[in-house]
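Undergrad: Need the 3D shape of this:
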Amino acid sequence: MNDPFDSLQEQLTHLEAGEPLETVGADLPEAEAGLLQMAAALRAVPAPERSLNTVSTQRMELIRAAKSFKILNTLPNTDEVRRLGQPARAQSWWPLALAGGVAAMFACALVVAALAGAVWLWRSSPQPSVAQPHSPAATAVAQASPATVALAAPDPQHAVLAEARGLVEIQSSDGAWAAADAGQTLAAGQRVRTGALSGVSLAFYDGSLARLGPNAEVSVDSLDAQKTGSRVILLSQWSGDSKHDVAHSDDPASRYEVATPSGVGSAKGTSFRVSVTVLLVRFDVDEGVVAVTHLNVTVIVVAGQTTIVPPGEAPQEPVFHISGEGEVTAIGDIWRIGGQTFLTNSSTVVVGDPQVGDWVAVEGRILSDGTRFADRITLLHHSTENQFSFTGTVEVISGTQWTIAGRVVRVDDLTKIDEGIAVGDQVEVQGGIAQDGTWWASSITRTAANGFEFTGVVQSIISDTWTISGISVTVNVSTTIEAGIVVSDVVHVEGEILDDGTWLATSIQKTAENTFDFTGVVISMDPWIVDGVPISVTEQTTIDEGIDIGNRVRVVGRVLADGTWLAESITQLDEGKRHHVEFTARVESIGPAFWVVGGVPVSVTEQTKIDNGIEVGDLVTVKGNLLPDGTVVAKKIRLASPTQGCVETSVVVQTINADQIVLLNGQTIPLDGKAKVKGKVNVASIVIVLACADADGNITIVSITVVYQLDALPPPPPQDNGGQDKDKDKDKHPDCKEGPGRGEGLCKHDDDDDDDD
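TA: So this is what the prediction gives:
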C-alpha cells in the first residue's frame, strides 16, 4: 500500500484476529515490521487511563507545529491534510515529517503518537464519534475544539459520557454538581445534567445510547447493561429532551426504561425521544415500539407515533408525528408553515420570535380529527428578502451617507455605528435595500483582521481565562464584561484572534441569541476546522468555491441547541476578496450584461454562475464583489426560495393499488413515479410522507418511506376515554419505585411488552 498508516492498520487487524506476529510481519519492510513488533508488545502492557483533553490538545499542537514548519504549503496531496480532522489519521504525516532535517524531531513525536493511537484503536470498541471539550489550559489553536474519538463503557455497571458539548455536570454523593468531561463514567445512583447550548451522550456497555439535549437532567436508577442475558437500564428524566437508541436484546427479562414525572417508557431494540416540560411529557417513537404507562394505564406507541402525558393524567391515545421546515406565511392561533396549516395554543413552545417571512422548524402531531397541531416552532433564520451585507474600506463619511468600497450607503439615527470608525478602516455593513435601490445601513461595524463573535455557555471562569463552549477566551483590563455573569450563563463574546492564536475578548455580555461570526485559517475541510473550531456544514451551507487548506475564511452561522456550530456560510477572504457582497432581493429585469435585482444594477459575465430557470419576479441571492466604483459584479445568482419548505408526516396506509395509495387521513397519493418509494408498502404500513410546497403554495409529494408494519389497521379513535384517566390504583411493586412515574402500571405490563422488539 502507498499509505504507511493503512498498511500498519491492516496488519494490526490481522494481529487482533489472532494471526501470529511472525506471519503478519513476514512481508513488511524492516521499519514497519519494527513498529508492528513494538505495537504488539504494547498490547501486553496495562495502559494508563488516557486524558482525552490532553490527547486532543496534543493533536491540535501537531497541527500548529505543522503550520509553523510550513508543511501545509508543501503537501503534494491536500486530501492528506484534510485527514487532520480525524485523530486516528495523524500517522499519515510520517513521510512528510521526514522530508527535511528541520522536521526530524517532529517526526519522532509523530511516531510516538502513532503507536499510542494504534494501542488506543485496539482498546476501543466501535462507538459513535464524540466531541471532547478542552480544558481552560488548552492551547489557542486547540481551544475550541472537540476531538473525535471512540468511547465505550468499561463494564455493564457504568455508562461513559460521550459527545460532550458546552456545560455538562455530574452530581456527586454529597449533592454538589461538578463540571464533567467526555470520558467520565456514571454508575447507578448518579445524575448528569446539561446547560443551555449543551449536550452529552451516555454510552452503555451493550451498545445502547442516550443523547441529552440542552437543559436536560437524567439520573441513572439501575444499571446492568449486559451484552447477553438480562440487560437492565433504568433512567429517570427530570427535564429537557433526550433521544434513545436501544440495542436489541433477545432476553425477555431485559428492561430499558425512561421514567418521567408523568409516566414511564419501556422499550427494546427501539429508537425513541422523550421531552419533559412543566406542561407535559411527550414520547416520540422513531423505530420499533415503546410502552408508555402512567396512572395504571398503558398505551403502545409504534414508529411514527407520539403520545402526550399531561400532569396528573393518563397517557393520551398515540397519534402520528409531523415535522419539517418552511417559510412562515401566517401566525396567530393558526400558523401556516411551508404550505401547511398548524393549530397552536398556550402549550405550544415558540422559540426566537419568528415573524411572517421567516424560516422556521416545526414539530407537532396529527390529532384524531386530522388537524395538524404544532408543539414547537423554532426560528431558524429571519427573512433575507431585500437584505444585504458586505465588507470593505471606508472612503467617505458624512452625516447621511457613507462611501464604503465604492458603494454609497445611507445612514440615519437608527443605524448602529461602532464608535471611532475613521476613513481607511475595514468595516462590515448590513442593511436593507429600498424599492428605488438605495442601500440603507442598519449597522456599520469595525472588522478586525482576525475578529470573532460568538454565543456560548460559560463553562469556567479562572482568573483571566474563561472557557466558553469549549473555547478558551482571554480577558484583560480592557475587556467589557457584564456584571453578574456566572458559570452556566449564555453569553455573546466579541474580540480578536491574536497572531499567537489567543482569542482575546473585548466584550462578554449576557444574551439570548445563538449566532457566531469569525475569521480564521482553514485547518481541515473534512471535517471543517477553522482556527481550531470544528464547524458542521449541511447542503444548505453556502461555501465559496476554491477554498483550500491554509486559506483565510469568514464563517457565519448559529449555535444549535446541543452546542454544535452549524455554518450558514463560509466565505473566502484571501486574494482581495474582502470586498465580497451578498444580498437577496427580487429580479426586476434580466439582460445579457446587466440585471436589476431589488433596484440594484448587477453586472454579469461569462464567469457568473446562474441557476437555471430564473425569471423576473423570482427571489434570488446575489453573491459577488464590489468594484472600486461601487459596481456589483455577480459571481453567483441563485434562487433563494425555490420552495416554501418541506414537512414530514407519519401516517398509516389504508388501501393500495397499482395507481394510488390511500392514507388513513384520507389523503391520496398517485403512484405515477414522481414520488420515491422506499420499502414495501402494504395495507397498515406506517409511512413517512415528505411533502414540499413551492412559492405558489403547490404541494408535491417527494418521497414515501416505510418505517413500520402494523398487524392490522388501527380502530377509529374513541369518542370518550370512559373515565380511564381516573383509575389511580396505588399498589406498587418494589422495583417500580425508582424514579418519577415508575409505578404499578408499568410493572404489570413488563411481561406483556416482551414482543415489542
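Undergrad: Name the residues of stretch 490-510 that are buried.
TA: By neighbour count on 16 or more other Cβ atoms under 10 Å, the buried set for stretch 490-510 is 490-497, 501-508. Yep, even glycine has a C-beta here, placed from its N, CA and C like the rest.
Undergrad: try stretch 386-406
TA: Using 16+ other Cβ under 10 Å as the test for burial, stretch 386-406 gives 386-395, 397, 401-406.
Undergrad: Among those residues, name the ones in strands.
TA: Residues of those located in strands (DSSP state E): 387-395, 397, 401-404.
Undergrad: Show me the shaky parts of the protein.
TA: By pLDDT under 70, the low-scoring segments of the chain are 1-20, 22, 24, 30-32, 34-150, 448-449, 575-579, 641-642, 717-739, 741-757.
Undergrad: okay, now the domains of it?
TA: Per automatic domain parsing, the structural domains of the chain span 4-123, 129-320, 321-382+643-709, 387-447+577-639.
Undergrad: Deepest-packed of those domains, please.
TA: Greatest average neighbour count among the domains of the chain goes to domain 129-320 (a mean of 21), per mean count of other Cβ atoms under 10 Å.
Undergrad: where's residue 470 relative to residue 532, distance?
TA: Remark: distance between residue 470 and residue 532 (Cβ to Cβ, to the nearest Å) = 10 Å.
Undergrad: Specify which residue of the two has the higher count of neighbours.
TA: Taking other Cβ atoms under 10 Å, residue 470 and residue 532 do not tie; residue 470 has more neighbours (29 against 26).
Undergrad: wait, isn't the more buried one in contact with residue 460?
TA: No - with contacts counted by Cβ atoms under 8 Å, residue 470 stays clear of residue 460, the gap being 10.8 Å.
Undergrad: Between these two, which contacts overlap?
TA: Between them, residue 470 and residue 460 share no contacting residue under Cβ atoms under 8 Å, 6 or more residues apart in numbering.
Undergrad: what's the closest non-adjacent residue to the residue nearest to the spatial centre of the chain?
TA: Residue closest to the average C-alpha location in the chain (Cα atoms, centre = their mean): residue 564, at 4.6 Å. Using Cβ to Cβ, 6 or more residues apart in numbering and skipping residues adjacent in sequence, the residue nearest residue 564 is residue 536, 5.2 Å away.
Undergrad: residue contacts, that neighbour?
TA: Going by Cβ under 8 Å, 6+ apart, residue 536 touches 527, 528, 560, 564, 565, 566, 567.
Undergrad: how close does residue 301 get to residue 313?
TA: In this view, residue 301 and residue 313 are 16 Å apart by Cβ to Cβ.
Undergrad: same thing with residue 421?
TA: In this view, residue 421 and residue 313 are 59 Å apart by Cβ to Cβ.
Undergrad: Do a quick rundown of the helices in the chain.
TA: Here the chain has its helices, by DSSP state H, at 4-16, 21-24, 30-43, 52-68, 78-82, 94-97, 104-123, 744-748.
Undergrad: Name the nearest residue to residue 661, ignoring sequence neighbours.
TA: Once flanking residues are discounted, residue 661 sits nearest to residue 669: 4.6 Å by Cβ to Cβ, 6+ apart.
Undergrad: Go ahead and confirm the one you found touches residue 659.
TA: No - contact criterion Cβ under 8 Å: residue 669 and residue 659 do not qualify, at 10.2 Å.
Undergrad: Need the residues touching each of these two.
TA: Residues touching both residue 669 and residue 659 by Cβ under 8 Å, 6+ apart: none at all.
Undergrad: circling back to that earlier point, can you give me every residue that contacts the residue nearest to residue 661?
TA: With contacts defined as Cβ under 8 Å, 6+ apart, the neighbours of residue 669 are 660, 661, 663, 675, 689, 701, 704.
Undergrad: In strands, which of those residues fall?
TA: 660, 661, 663, 689, 701, 704.
Undergrad: Need those in JSON lines (columns: distance to residue 215).
TA: Shown next, in JSON lines, are the ones in strands among the contacts of residue 669 (distance: Cβ to Cβ, whole Å):
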{"residue": "660", "distance to residue 215": "45"}
{"residue": "661", "distance to residue 215": "41"}
{"residue": "663", "distance to residue 215": "36"}
{"residue": "689", "distance to residue 215": "32"}
{"residue": "701", "distance to residue 215": "37"}
{"residue": "704", "distance to residue 215": "36"}
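Undergrad: residue ranges of the strands in the stretch 201-350 of the chain, please?
TA: Shown for the stretch 201-350 of the chain, the strands assigned by DSSP state E, counting those that start in this stretch span residues 209-212, 217-224, 232-245, 255-260, 263-267, 271-276, 281-287, 289-294, 297-302, 305-309, 319-330, 334-337, 340-343, 349-351.
Undergrad: I'm done for today, thanks for sticking with me.
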